[in-house]
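Q: Let's see this in three dimensions:
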Amino acid sequence: MTSATDPLPHATTATPGPPSPTPAGEPERAPRWSLPALIAIMLLAAVLYCWNLSGDSLNSFYSAAIYSGTQNWEAWFFGSLDAGNFLTVDKPPFANMVMSVSCRIFGFGTWQMMLPEVAAGLGAIWILHSSVKRSFGHAAAAVAALVLALTPITVAIDRDNNPDTILVLLMVGGAALALRATRDGALLPLLGSAVCFGLAFNTKMLAGYIALPAVFAVYLLAARPALVRRIVNLLIAGVVLAVASFWWAVAVSLVPASERPYIGGSTDGTAWNLIMGYNGLGRIFGGEGNGGGGGGGGGGFSGSAGLSRMFNDILGGQISWLIPFAAIALVSGLILCGRAPRTDLTRAALVLWGGWTVLHYVTFATAEGTMHPYYTTALAPGIAALCGGGGVLLLRAFRADKRWAWVLPAGLAVTAVWAIVLLRRASGWNTWLWPAVGVVMAAAIVGLFVFRSGNRVRLFAASVVAAVVAAIAGPAAYAWSVPSGSGGGMSGVNPTAGPSTGSGFGGPGGGGGRGGFGGDRSGFPGGGEMPGGIRQGGQNAEAGGGFPGGTTAPGGASGGASGEQLPGGGGQAGDFPGGAQNGELPGGQGASGGTAPGGTGGSGGAGTPDGSSGRMGGRTGAGMGGGMGGGMGGGMGGANSELIAYLKKHQDGAIWLLAVSNSQSAAQIELSARVPVISMWGFTGSDQAMTVAKLKELVKKGELHYIQLGGGMMGGGPGGDSNSVSSEVTAWVTKHGTPVKESAYSKSANSASPKSSSSSKSSSKSSSGTTSQTNQSTLYRLDASDVS
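A: Just a heads-up that it's a prediction; the model follows:
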């Protein structure tokens, strides 16, 4: 039994081994400090997840879908981006369903949307603590809960409305239930585990299955029933898993394509294609042939694919702090449990959480498709469980057997060295911290050796606590940087924690930081590539707005310094889609000419549902950097108020206010206007949701009148010309539609540049006399009389 002063009892034999199982699998009696420690950790996590939450920007892509789910139950079921059910987001709907229900009950807003996310983050900590406690004891459970709570990327994503927080909760719940089924031999917990993983599949598809091989293997190898019964139980669980996983895809397939929205992210509008392509093989192998799962090499957000990816400048500070210790603890723990009975719960837990960690590590490290840093939050529960449980086993071995006396100190020393490396990558950030980590860890290791034997239990316990503090100091500092505003990357589309540690996404550098995807810069640091083909340069985009220098934007537009063209712009001072100029994003006025979605924001922040200004990842007023989070997925607002007022006034009974090229633009306008907006070609611009035939039908029925061509922020649609369908639609609209002059809705149009993106025609004659599309954003009106 453990106690507050003696975390592990002295062994009575020369050979260490796993802790003896308690009768009937019951947990040991809780020491007095256990519950207060858990409560303190939960409160700490709640502060990290909630502090200054209203100042953060959420992912407008999901925010729009959640809002649509509050307006229309069909949109809620399908996961539609718009309440008119034209196109869904590129994920299954379960996470959005949960957040939409919360917003239906409490009203639509940041806190109402984030309440389920915060609850899911806290729930994952509580479940992990409970599971580790039954396998390794209370001390191990406390360490595991603390590590999970302080994992930097987990703090970042738990403050965002991406689906990964709910995904982790469901997978941790499934793993815990599987361990309980293994321990008790009962079928019901195993079926509960299958349901959890099935719901995880309906949260992020195949990402929810990564840990499944470890779960099935543990039950098959270590569960109490006889082999035949174990196999039968697994088969039954497999059936439940299939039902829990595929009910949504089957239901969608049963609805005729003409009566349901196009499934975003797919190549043919079906859920099955989304499962196997964009959210399946496309994530692993990349390439357009796998449903647009990124362009290979990891999609540019997390560095080059390879087994060392988790330790690069982008991901190292987000997830890798304790991976070396977890690996040492796993291998050592399995050796220590080598002669234990087949049903030994300690070994089963090591296999489960070790398998969880290895499977996620290999998948994320080698993925050639789109790979955001926040995906690695799924690694955190496995690392936490191994650090807690494996650490306790190493501590017992350290005290019981001289042959093992070097392993724990070596693991702690490696942890400290790696923490120092990570902290020194962040030049000028908390420079006192890395020497403190080294000194405290060295003192702790010395204390472990000095007080290893004898009755100096309190001093030995103090040495253990000091080692834990030194090990988690680095990740804790990174984690606190997010709510405190002293670090953290772009909220919304790609949240990260900690300071700038490199040149951005793509290549070996980058990650962390408040300037876009991992650097203290205005917009995208250099060297990376976004889905759809936007390639970043290396210079900052300052007063002129625009992407960092050397950007190759969709359709060949280049961005960077003042006057360079951006997607949807007319070449004037870094134009943006939808008629914005001088580094603007659609919406309210930002500093230094940088306009960000959703109202005034001194730091270019995106507005939130209550009208407050959100915090963005970038420098104040620095064009793209000042408003990037809102423009590319942060924020809750998102379009020019004059344009919205004009469109509403002339909507003439149409279901959709407007059709635009991509989902980010549609989401921002929808959140500002609170009416449905069509995304014609999805998040990456490659969805073939809108065709000429479908557009004619919508116009003829009076369901859509306005189309905005150009502005393909993610590389598709008009201007990007990523597929022949978008080119055909563009040609038809420019031929039959009536251009709407900017002066019709903008008071400042008379003083605008003659090349203003919304007042220019989107076609021009080339030297050969043929018509070619430029990457401008032009508004057109279409009526039934225009459809021949």
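
Q: switch to C-alpha atoms for all contacts and neighbour counts from now on
A: OK.

Q: List the contacts of residue 322.
A: Contacts for residue 322 were tallied using Cα atoms under 8 Å, 6 or more residues apart in numbering; they are 383, 387, 415, 471.

Q: what about 7 Å?
A: Residue 322 is in contact with residue 415, counting by Cα atoms under 7 Å, 6 or more residues apart in numbering.

Q: For it, give its distance to residue 285.
A: 28 Å (Cα to Cα, to the nearest Å).

Q: for residue 85, same thing?
A: 31 Å.

Q: And residue 318, by the same measure?
A: Taking Cα to Cα, one finds residue 318 at 23 Å from residue 285.

Q: Can you pick out the residue with more neighbours from the two?
A: With neighbours defined as other Cα atoms under 10 Å, residue 318 and residue 285 compare such that residue 318 has more, 30 against 22.

Q: Low-confidence stretches in this protein?
A: For the chain, applying pLDDT under 70 flags the ranges 1-28, 287-300, 486-492, 502-639, 711-723, 749-777.

Q: now the strands: where do they sit in it?
A: Shown for the chain, the strands assigned by DSSP state E span residues 551-552, 558-559, 659-660, 678-679, 706-709, 738-739, 763-765, 771-773, 778-781.

Q: which secondary structure elements does the last one contact?
A: The contact analysis (3 or more Cα pairs under 7 Å, 6 or more residues apart in numbering; DSSP states H and E) places strand 778-781 against strand 706-709, strand 738-739.

Q: Pick the most buried one from those.
A: Of the helices and strands packed on strand 778-781, the one with the most neighbours on average (mean count of other Cα atoms under 10 Å) is strand 706-709, at a mean of 26.

Q: so what secondary structure elements neighbour that one?
A: Where contact means 3+ Cα pairs under 7 Å, 6+ apart, strand 706-709 is packed against strand 659-660, strand 778-781.

Q: quick one: which of these is nearest residue 419?
A: Taking Cα to Cα, strand 659-660 is the member of the helices and strands packed on strand 706-709 nearest to residue 419, at 46.1 Å.

Q: just checking, residue 656 touches residue 706?
A: No: using Cα atoms under 7 Å, residue 656 is not in contact with residue 706; the gap is 8.5 Å.

Q: can you give me the helices for the stretch 601-750 of the chain?
A: 624-631, 641-649, 663-673, 692-700, 724-736 (DSSP state H, counting those that start in this stretch).

Q: Quick one: list the elements packing against the second one.
A: In this case it means helix 641-649. For helix 641-649, there is no helix or strand it packs on, judged by 3+ Cα pairs under 7 Å, 6+ apart.

Q: next one: the third one
A: Counting contacts by 3+ Cα pairs under 7 Å, 6+ apart, helix 663-673 is packed against helix 60-71, strand 678-679.

Q: if you set the cut-off to 8 Å instead, what comes out?
A: Based on contacts counted as 3 or more Cα pairs under 8 Å, 6 or more residues apart in numbering; DSSP states H and E, the elements that helix 663-673 packs against are helix 60-71, helix 624-631, helix 641-649, strand 678-679.

Q: what about the residue most central in space within the chain, distance to residue 152?
A: Nearest to the geometric centre of the chain sits residue 374, at 4.2 Å (Cα atoms, centre = their mean). Shown here: residue 374 relative to residue 152, a distance of 10 Å by Cα to Cα.

Q: do the same with residue 117
A: Counting by Cα to Cα, the gap from residue 117 to residue 152 is 16 Å.

Q: and these two? which has more neighbours close in?
A: Per other Cα under 10 Å, whichever of residue 117 and residue 152 has more neighbours is residue 152, with 32 against 27.

Q: Quick check: the more buried one touching residue 473?
A: No: in this structure, residue 152 is not within contact of residue 473 by Cα atoms under 8 Å, at 11.2 Å.

Q: what's near enough to touch the residue nearest to the centre of the chain?
A: Taking Cα under 8 Å, 6+ apart as the test, what residue 374 contacts is 153, 154, 156, 157, 164, 494, 495, 496.

Q: Most neighbours among those, which one is it?
A: residue 496 (37 neighbours).

Q: Okay then, goodbye and thanks.
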